[in-house]
Every structure is written in C-alpha cells, then in structure tokens.
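Chemist: Give me a model of this one.
(chains A and B)
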Amino acid sequence: MRAKSPVYGLMAEFDDPNALVSAAQRARREGYRCMDAYSPYPIEELAEALEVRTRLPLIVLIGGLVGCLGGYALQYWVSAIENPWNVGGKPLHSWPAFIPVTFECTILVAALSAVFGMLALNGLPMPYHPVFNVSRFALASRNRFFLCIEAKDAQFDLQKTRAFLQTLQPREVSTVAD
Amino acid sequence: MADHDSVEDPLHAIAGTGRPPVIAPGHTFGTVTDKISSIVLTRRTSPGWWLGFLLAFALMNVMMISIAYLVVKGTGIWGVDIPVGWGFAIVNFVWWIGIGHAGTLISAILLLLKQAWRTSINRFAEAMTLFAVACAGIFPVIHTGRPWLAYWLFPYPNTMGVWPQFRSPLIWDVFAVSTYATVSLLFWFVGLIPDLATLRDRSQSRVGRVIYGMLAMGWRGSARHWHQYETAYLLLAGLATPLVVSVHTVVSFDFAIAIVPGWHTTIFPPYFVAGAIYSGFAMVLTLAIPIRAIYGLEDFITLRHLQNMAKVMLVTGLIVAYGYMTEMFIAWYSADKFEMFVPWNRMTGPYGAVYWSLIVCNIVIPQALWFRRVRTNAPGLFVIAIIVNIGMWLERFVIVVTSLHRDFLPSAWGNYMPTIWDWGTFIGSIGLFLTLLFLFVRFLPMISIAEMRAILPEAQIDEEPRPI
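Modeler: Residues are numbered from 1 along each chain as shown, chains lettered A, B, ... in the order given. The predicted structure is shown next:
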C-alpha cells in the first residue's frame, strides 16, 4: 500500500484480445480492483470482466424528458400567454400543432445529454494521463492490448504485482510513472 | 435468402460461404489501421486531389458570387414571382436535405439492425450527410430574402415583442433541420473520437499530433471509456432513427399542410421519406464508387456493399413509384377538378418534359437493378446512381413548380423560368458539397478504423476463456 507514490501502476502488454480478457479475469480473481484495460476497439467481455457499470441511460432519459417538457412549455407560453395571437381562429393552446417541435426538442436534448454525459462520465477532455508516459502505449490505438493495475489498489506491491503480471505471459511489463 | 452474388471480384473468392465478405481476407488490426490512417497521415497530397479540390472550390465561389449579388439586389434576380413563389431555393433545399438522409440511416438504423456491412461506409455517409445538410440549410435562409435576419426564426426574447408562429410547418422545419444538423454532427464526431486518438498516436508531424490530440480529448481506449462510449453510441442511434424519419416528414408538411392542389395530400410524409433514402443512397454510391477506386479501398468497400446499397435503392425507388401512382389515384378519386387537373397538367402541360424525364430517371432506368450483373458492375451502378440523383432533383422541381404555376383562376396562371443566378446558386452548392468532401477525405479517416478492427476475425473472443 502506497498512497503517495511516483508510480501510477504497472502495465502489461498483450498481442491479442483473448489474452487481455483472460488476464483481466485472472487479475480480478486475484483480488485486484483498481485496474483498467485498454484496447483499440470495444470488447464487451472486458467490460464484464472489470464489472464496469454506466449511468448514462438514466442521464439520457432525464435529458429527453427535460427537452420534451421544456419544448412544449416554451410553445405553450409563447402562443397562449406571452403572444396570444389569433391565427385563423385556431385555439391559442393548439396542442396538435405543438407536437413536431416538442418531438424535435426531446431528441435534441436527449442527444446532447448522451454525448456530453458520455464525455463527463469518462472525464474527457483530459489533457494529461499517466498511461501516456509509457511509449509503447501509442500502440493501444492500433493493435496492442494493455492491462494496467494501479498503485492505489489495496493489494498493489511493485514486486509482487510485477511477478503476478509476468505469469500472464505478456509481451512486456512496464512501470507507469505518475 | 442466400446471396450468391459475386464473381468477377477476386475478393469474393472466400471458400465455402457463398457470400462476398464485408472485408477482404488477410487483414489484421495493424493493416486495417495503417491502410486507412495512411491516406490521411503519410501520403503526400496527390496532384489529383489538388485538381479536384480546386475545381470544387472554384465551383463553390460561383455560389458565393451568386449569394453576394442576391444580398445586394434582392430575390428579384431569381425567376420566382407570383404565382410561383417557391423556385429553385426550395427545390434545392428539399433535394439536399433528402440526400442528407442516407448517412444517418446507414449509421443509426443499420446499426440497430446489426448490419455489419454498414461499418465501412458509415463514416463517409455521415460526413456526406453533414455537408448535404449544410448545403440544404443555405437555401431556406437566402430564400427569406433578408438572410441577415434569419435568427428571427428562433424563439428568443426581443424588443419587438414578437415570437415565432408555432402553428406553422415552416417553424417546425427550423426545429427539425437544426436538430438534425446538430445530432448528425454529434453522431459523426462521437464516432470519430477513437480514430482521432489513432491519428494522434500515429502522426509523424508535431502539428498533426497537437491538432488530432486536442480533437481526441485524451481518449485512452480504456474498458471504462469504451463501455460508456458504446452505450452513448447506441442511444444516439436509437434517438437518430425516429429523428431521420421525422425530418423529411416535417419537410413534406411544408407542402402537405397547404391547400394547394398537388401538395395537400397524406401520402407526402412516407413518400418523401422513401424518396430521401432513395436519393441519399444514390449519392453514397456516386461518391463511394470513385473513392474506393482512387484510394484503393476495394478491400474495405467491397462489391457486397455496392450490391446492398443497390438493393436499398431498388426498394425505395419502388416505394417512390408507388407514391406517384397514389398521387394520381387520389387526384382522380377526389373528384375535385382542381386536383384532377394537377396530374394531367404535369404530364401534358408546359413542364411535361420534366415530368417524363423524372419518370424515366427514377422509375424506368433503376429497374436494371433487378439484375445481379448490373448490381455487381461498379461503373454501371455509378451511372444509375447519377441518373437517380438527377431524377430526384427533377421530382422536387415538379412538385414545387407545377403545383404552383396553375392557380385556381386562369387569370392568375404563370410560368417559372430559372435565371442564371438560380443556376449559379444551385451548381455552386454542389461545389460547396464537393469542397467539404475533399477536405474530409484528406484530413479525417473516411472509414471508421475502430469499427473495422471489431469486425475482423481476430477480434473474436473465445467462449471459454483460455487458461493462463
């Protein structure tokens, strides 16, 4: 256990997605919790192995409801209260005519919540992150797969964790500077 | 429904499956990444690109000049007058926004339907959508006559005490098109983030690393990132699907809610949506066929893609043909002499030649797509796609102009002839579209690299984890 360490964690590099998924499952069974896996494309099994959860659907639902109610309220307020204008004898609160704009506002706010919610939950934009200190990590966006066990994990020990990662048959294990 | 197309292309020689692959055999994570990113990163800008870009840029300036002159003189420089108050501006708006439907359709609806073949064409179909919507957006704005006051269309508190009229389909259109433009941009950009990270990591130049790095926003490809990302992408697809259907529906309301004979019909929303998909796929084929040949992307955009797109065109083209027949039938069934006059006047009136050309372009010639030999012939498909593009433009011309030019009273009849400024703005908008497209293929990966990796055979995860 090292709270303030110059080391962010230890990173193992793998050649193929199966090795990474197995490694993540092994590390989890060994009791490691503070870790992350990096791959050049989404791997569903990896998210399962690391037990990643997301609250994004709830955020999008709330965004959609806000857009829906806000869009309708805007039209009602404008047409019936602020600017009551008789058009062709139609009622001031002519709700069927308000549906298309309400629909568009629902989609707009829900989509904005999906994108900005995703970025916020991922902590992006993030100009600096320690994993980029490993020069081979540039291959994480091409064809290599990485598992990083972080130093803040209760079980982390520079020697023991390194030895454990070596048993997973990685290409290489590197120390990630913080 | 086995699909046994395929012969001339060597890529199809994949044993045992009978179906041409969506990606040629032999590719790995590395080769896919290098092949697509090298188009952007390492290749020197080719003389052909410069030639095409400069031609497109020159064409775009025709539009800039036409619009500048419009701002100076007013809409009197156009052919519009009473009774035809909606001329080229509305024809072009509907045409471009229709083209802009294929991108979201391919990205969202085919994603939800789990069609793996969408992967190599979705990125540039989305880019095409954005550029087409940008072109479309210009026309209603300049059609207002005072484009510098276009912000009056949005509801905001102002000293005039005036608010938009929410009972008008024209204001629905403002919301539909601006929402569509925003959501398409978000969808496209979210899809680009992992690829921007790839470009950041692979760029040799400092400028490239900085710019792609800022755009990638620190993407690391971590399992947590991907999980949120996939959820967001799926939700966006789910939101974009009803949106794409609503946009052309709302555009059709601009016509259908009016009481003009030829416009006031309930077939318009479905028939406009089908027409939009039809013209959108035609435009994707028009662009995909030369691009795959020029950049050597036949491994990724295979004959399977071209065939599938041809099939979508065939189906939507038949729906459009059904729409034409329904228009005729309802005109007759209405027993209203003004309604009955409209189709008769379309076929035999002053714009009869335009009407018959549209029938030939949209209905007769595309029937060749029933034949597999046509669907697997890239140059042939290219020609048919261009013919459909022209046909769909003519269709919008017929809808807008022939319905207006014969008013209820013969004393109010008139004719519409576009002026050189109408043509300049229209042809120039194609220049704007192509300019943006040239910049896109030069600076951004035109195929989604991350999604291509995911459909490779080596991306398969074993059912049982390997013991270590």
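
Chemist: For the rest of this, base every contact and every neighbour count on C-alpha atoms.
Modeler: Will do.

Chemist: could you pull out the helices for chain A?
Modeler: A:17-29, A:44-49, A:56-76, A:95-121, A:158-166 (DSSP state H).

Chemist: Between those, which one is closest to residue B:62.
Modeler: For residue B:62, the closest of the helices of chain A is helix A:95-121, at 34.0 Å, according to Cα to Cα.

Chemist: Report pLDDT for residue 72.
Modeler: This is for chain A. With respect to pLDDT, residue A:72 has a value of 96.

Chemist: Sorry, I should have been clearer: chain B.
Modeler: 94.

Chemist: Please, which helix or strand holds it?
Modeler: helix B:47-73 (DSSP states H and E).

Chemist: which helices and strands sit right next to that helix?
Modeler: helix B:420-443 (3 or more Cα pairs under 8 Å, 6 or more residues apart in numbering or on different chains; DSSP states H and E).

Chemist: circling back to that earlier point, dump the helices of chain A to TSV, plus distance to chain B and mean neighbour count.
Modeler: Output for the helices of chain A, formatted as TSV (distance: least, Cα to the nearest Cα, whole Å; neighbours: other Cα atoms under 10 Å in any protein chain shown):
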stretch	distance to chain B	mean neighbour count
helix A:17-29	6	22
helix A:44-49	6	20
helix A:56-76	7	19
helix A:95-121	5	22
helix A:158-166	11	15
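
Chemist: JSON lines for these, including distance to residue B:26?
Modeler: Conversion of those to JSON lines gives the following (distance: least, Cα to Cα, whole Å):
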{"stretch": "helix A:17-29", "distance to residue B:26": "18"}
{"stretch": "helix A:44-49", "distance to residue B:26": "24"}
{"stretch": "helix A:56-76", "distance to residue B:26": "37"}
{"stretch": "helix A:95-121", "distance to residue B:26": "35"}
{"stretch": "helix A:158-166", "distance to residue B:26": "31"}
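
Chemist: pLDDT value on the residue most central in space within chain A, please?
Modeler: With distances taken as Cα atoms, centre = their mean, the residue of chain A nearest its centroid is residue A:122 (3.9 Å). On pLDDT, residue A:122 comes in at 89.

Chemist: try residue A:24
Modeler: Residue A:24 is given a pLDDT of 87.

Chemist: hang on, isn't it packed against residue A:51?
Modeler: No - applying Cα atoms under 8 Å, one finds residue A:24 not in contact with residue A:51, separated by 10.4 Å.

Chemist: Output whichever helix or strand comes after the helix holding residue B:72 as PDB - backbone C-alpha positions only.
Modeler: Beyond helix B:47-73 on the C-terminal side, the first helix or strand identified by DSSP H and E is helix B:88-99. Once non-C-alpha atoms are left out, helix B:88-99 reads as follows in PDB (Å, rounded to 0.1, in the frame of the first residue of the first chain):
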ATOM      1  CA  PHE B  88     -35.000  26.700 -57.100                       C
ATOM      2  CA  ALA B  89     -34.300  27.600 -53.500                       C
ATOM      3  CA  ILE B  90     -37.000  25.200 -52.200                       C
ATOM      4  CA  VAL B  91     -36.300  22.600 -54.800                       C
ATOM      5  CA  ASN B  92     -32.600  22.600 -53.900                       C
ATOM      6  CA  PHE B  93     -33.400  22.600 -50.200                       C
ATOM      7  CA  VAL B  94     -35.600  19.500 -50.400                       C
ATOM      8  CA  TRP B  95     -33.100  17.800 -52.700                       C
ATOM      9  CA  TRP B  96     -30.100  18.400 -50.500                       C
ATOM     10  CA  ILE B  97     -31.900  17.500 -47.200                       C
ATOM     11  CA  GLY B  98     -33.100  14.300 -48.900                       C
ATOM     12  CA  ILE B  99     -29.500  13.400 -49.800                       C
END
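
Chemist: Next, the angle from helix B:88-99 to helix B:420-443.
Modeler: Angle, helix B:88-99 to helix B:420-443, by axes from the mean of the first three to the mean of the last three Cα atoms, to 10 degrees: 30 degrees.
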